[in-house]
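Colleague: Please work out how this folds:
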Amino acid sequence: MTENKGKNFSVIIPVYNRPDELSGLLECLARQTYPPYEVIVVEDGSAISSEEVVDSYRNRLPVSYFLKENGGQGFARNYGMERAKGDYFIFFDSDALIEADYLEIVNKYLSQNPVDLYGGPDTDHPDFTPLQKAISYSMTSLFTTGGIRGRKKNLGGTFHPRSFNMGLSREVWEKTGGFQVTRMGEDIIFSITAIRMGFRTALIPEAFIYHKRRTRIRQFYRQLHFFGRARINIARFYPEELKAVHCFPSLFFLGWVSLPVLAFTLTPLFRLGTLLYLLYFILLFLDALNVTRNLRVALLSLLTSFVQLTAYGIGFLEEGWHRLGEDKDRKVTGTQLEYPS
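Modeller: This next block holds a predicted model:
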């Protein structure tokens, strides 16, 4: 479906109240060894405009700026694709940073492996704070996500490209019609739809981004609570995509919440549960220390992993409870939901 030639990449960036972070991404795009064909910034009803930031890069990038009413990142990407002129579209979240050879790597891969839809992993930048690095570990560790993010093979099944670092051919856009959901798992729903239409996907491990993480625990909690809800929304569209691994955070949450009760009622179970949690966090710490090579980050990873699993688990249970009492044909597009922040 995709020809072996140099791609005209249309880079599409939805932005919402993040002009400072957008500036960092535009700087990365201006330094690409394989320049983008165009860069499209879609301001999704922000209260803080990014237009001045975009204007400062017009002499270095073929960049266009569009302002639309707030509708969510999925529909903002659709808005950008409707106006894109390239033959291959690439999405980045506005809080991403990329190396100078990112587009060159992607173009080389696609010339040798013509796939219709690709995704890349995310990682932490050396300049990130210890907390951001700990959050990055939590979001990518096998001990917390089951290897769902950024792995060709994982416990969650088929690899689904995610919109923080995703590319697709114009044909995918034309045949799928873009994102049918604007939030609440919109990227995974889109990927599943494309795969079921026969489009080929791939992970390009070298096409990674530095994904700026939340700088406060409360923000991180809110984001992961939203992600837990989103997993249930994906099941509204594709019930069979709900896997056992997605239930782990809820079990984690229910387990530690029940420990105080077990301490006064079933002491043997309390002791066993406490031991299991202790062993889990020891293994988590050792893995984080091995991955990050930083004692402070490894210790913070215990906190961020606890927050991640708890927040995701609570969101999953809350949205799952709503799902039990609603019409089974109901689908939620997320248009009335705020951006997770």
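
Colleague: from here on, contacts and neighbour counts on C-alpha atoms
Modeller: OK.

Colleague: what residues go with each domain of the protein?
Modeller: Under the assignment automatic domain parsing, the domains of the chain span 9-219, 235-324.

Colleague: Could I get the full set of strands for the stretch 1-150 of the chain?
Modeller: Secondary structure of the stretch 1-150 of the chain (DSSP state E, counting those that start in this stretch): strands located at 9-15, 38-44, 63-68, 88-92, 96-97, 117-119, 122-123.

Colleague: Just put those in CSV and tack on distance to residue 306.
Modeller: Formatted as CSV, the strands of the stretch 1-150 of the chain follow (distance: least, CA to CA, whole Å):
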stretch, distance to residue 306
strand 9-15, 29
strand 38-44, 32
strand 63-68, 38
strand 88-92, 28
strand 96-97, 25
strand 117-119, 27
strand 122-123, 19
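
Colleague: Where does pLDDT dip in the stretch 151-300 of the chain?
Modeller: By pLDDT under 70, the low-scoring segments of the stretch 151-300 of the chain are 151-157.

Colleague: need the strands for it, in chain order.
Modeller: Using DSSP E, counting those that start in this stretch, the strands of the stretch 151-300 of the chain run over 165-169, 201-203, 209-211.

Colleague: mind checking how far the last one is from the chain centre?
Modeller: Going by CA atoms, centre = their mean, to the nearest Å, the spacing between the C-alpha centre of strand 209-211 and its chain's C-alpha centre is 10 Å.

Colleague: What strands flank that strand, and is each parallel or antiparallel?
Modeller: Strand 209-211 pairs in its sheet with strand 96-97 (antiparallel), strand 122-123 (parallel), by DSSP bridges.

Colleague: ranking the domains of the chain by burial, who's on top?
Modeller: Ranked by mean neighbour count, the domains of the chain are led by domain 9-219 with a mean of 20 (mean count of other CA atoms under 10 Å).

Colleague: Determine how far the last residue of that one lies from the first.
Modeller: Taking CA to CA, to the nearest Å, the first and last residues of domain 9-219 lie 33 Å apart.

Colleague: returning to that earlier point: now the strands of the stretch 1-150 of the chain as TSV including mean pLDDT?
Modeller: Formatted as TSV, the strands of the stretch 1-150 of the chain follow (pLDDT from 0 to 100):
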stretch	mean pLDDT
strand 9-15	97
strand 38-44	97
strand 63-68	96
strand 88-92	97
strand 96-97	94
strand 117-119	96
strand 122-123	87
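
Colleague: closest one to residue 329 among the ones you listed?
Modeller: Of all the strands of the stretch 1-150 of the chain, it is strand 117-119 that lies closest to residue 329, at 28.1 Å by CA to CA.

Colleague: what helix or strand does residue 311 sit in?
Modeller: Element membership for residue 311 (DSSP states H and E) is helix 295-324.

Colleague: now that helix: how far from the chain's centre is it?
Modeller: Distance of helix 295-324 from its chain centroid, counting by CA atoms, centre = their mean, is 15 Å.

Colleague: Alright, I will stop here.
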